[in-house]
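>>> Show me the folded form of this:
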Amino acid sequence: MNDISPTAPYEALKPAAIEWFAALRDRICAVFEEIEDAAGDAPGRFVRSEWARPGGGGGVMSVMRGQVFEKVGVNVSVVSGEFTPDFARQMPGAEQGAAFWAAGISLVAHLRSPRVPAVHMNTRMIVTGKGWFGGGGDLTPLQPGTPQAAEDAGFFHAAYQAACDRHGPGLYEKYKKWCDEYFYLPHRGEPRGAGGIFYDYLESGDPAADFAFTRDVGEAFLAAYPPIVRRRMGEAFTPEEREAQLIRRGRYVEFNLLYDRGTLFGLKTGGNTEAILMSMPPEVKWP
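The predicted structure is shown next:
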């Protein structure tokens with residue numbers, strides 16, 4: 001008789017996952033500050049603030065407002081506690097008990113230039129009565145339909161396809177489709193942006209392999225996004241392009257407040273409101 005808990009392999013991975021999410025945060029922040037340095041005088045710097053969750057755990061918000069990055073947040077968290085009865089009915093494994101543990105990194109960047117696309121990335125590990133990984137990254141051009149936007153989207157997708165292809169055939173196509181369907185605004189009948197990949201409830205039976213895939217998703221972000229910023233940040237833009245950018249940002253707000261699972265998870269589990277809503281752009285307009 002095997003008395004080993006199905007979550008035992010995930011319990012063993014918790015320290016490595018916590019360390020990885022924090023290390024990825026540090027690397028991303030360092031690269032983004034290097035980009036700010038290249039922009040000229042008075043570069044932006046990340047300001048970190050810790051928060052504690054009353055029910056258990058907490059996190060660190062890292063937010064920068066600079067010359068290139070109008071607002072970028074790179075947050076890490078490690079939280080634990082119990083689901084509310086209503087929310088437990090929606091979570092895999094919660095039928096075996098309301099206790100949960102979750103750790104992850106979440107990033108959203110809004111750039112000053114409308115020539116530079118906004119971006120979102122997150123990876124996470126969750127343990128309830130079972131364990132799994134999730135995450136992904138997606139790009140939101142603020143000038144959709146232009147040759148520049150198509151070029152940036154192609155570069156971004158290529159990095160994520162390379163990461164997926166290292167772990168098996170068909171993964172990129174599967175997770176790209178999931179992303180396209182997830183980051184969709186049904187009330188507008190349009191996608192939020194140019195997509196990327198999205199995956200959730202990843203439990204292949206080999207937690208170490210799933211964790212390795214999740215790490216590669218983080219590496220793909222570093223390969224994909226900073227080169228796009230560096231390529232576009234010096235391009236001149238018009239007041240009309242800026243106005244269009246602010247209106248397109250409204251799609252971000254609408255999606256995150258109406259449909260985003262991460263926002264819902266954070267709010268339903270007593271997370272830090274400021275960290276959860278870090279994804280909101282600093283300035284936005286609706287026509």
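>>> For the chain, which segments count as helices?
Counting by DSSP state H, the segments of the chain that form helices are 8-38, 85-88, 147-165, 171-182, 207-232, 239-258, 261-268, 273-276.
>>> Mind telling me which of these the model trusts least?
Among these, helix 85-88 carries the lowest mean pLDDT, at a mean of 68.
>>> which residues does residue 112 contact?
Counting by CB atoms under 8 Å, 6 or more residues apart in numbering, residue 112 makes contact with 67-70. Backbone N, C-alpha and C define where each C-beta goes, glycine included.
>>> if we take the residues you listed, which one ends up nearest to residue 104?
residue 69 (21.1 Å; CB to CB).
>>> if I look at the closest one, how far off is residue 287?
Noted for residue 69: a distance of 25 Å to residue 287, by CB to CB, to the nearest Å.
>>> who has more neighbours, these two?
Using other CB atoms under 10 Å as the criterion, residue 69 and residue 287 rank with residue 69 on top: 25 against 7.
>>> Need the pLDDT of the more buried one.
pLDDT, read off for residue 69, is 98.
>>> That one against residue 107, yeah?
No. At 11.1 Å, residue 69 does not count as touching residue 107 under the criterion of CB atoms under 8 Å.
>>> all strands in the stretch 1-150 of the chain, in order from the N-terminus.
With strands called from DSSP state E, counting those that start in this stretch, the stretch 1-150 of the chain shows them at 47-52, 57-64, 69-82, 99-111, 118-127, 131-140.
>>> Make a markdown table from those strands and add distance to residue 257 to it.
A markdown table is the format used below for the strands of the stretch 1-150 of the chain (distance: least, CB to CB, whole Å):
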| stretch | distance to residue 257 |
| --- | --- |
| strand 47-52 | 21 |
| strand 57-64 | 19 |
| strand 69-82 | 16 |
| strand 99-111 | 13 |
| strand 118-127 | 14 |
| strand 131-140 | 16 |
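>>> Which of these sits closest to residue 22?
Among these, if distance is taken as CB to CB, the winner is strand 69-82, at 5.5 Å.
>>> That closest one packs against which elements?
helix 8-38, strand 57-64, strand 99-111, helix 273-276 (3 or more CB pairs under 8 Å, 6 or more residues apart in numbering; DSSP states H and E).
>>> Let me know which of those is the nearest to residue 131.
Proximity to residue 131 (CB to CB) singles out helix 8-38 among the helices and strands packed on strand 69-82, at 3.2 Å.
>>> centre of the chain versus the closest one, how much separation?
The chain centre lies 13 Å from the centre of helix 8-38; the measure is CA atoms, centre = their mean, to the nearest Å.
>>> now that helix against helix 207-232, angle please.
Using axes from the mean of the first three to the mean of the last three CA atoms, to 10 degrees, the direction of helix 8-38 lies 10 degrees away from that of helix 207-232.
>>> what's helix 8-38 packed up against?
strand 57-64, strand 69-82, strand 99-111, strand 118-127, helix 207-232.
>>> Reformat the helices of the chain as CSV; add distance to residue 196.
CSV is the format used below for these (distance: least, CB to CB, whole Å):
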stretch, distance to residue 196
helix 8-38, 16
helix 85-88, 27
helix 147-165, 6
helix 171-182, 5
helix 207-232, 8
helix 239-258, 14
helix 261-268, 15
helix 273-276, 21
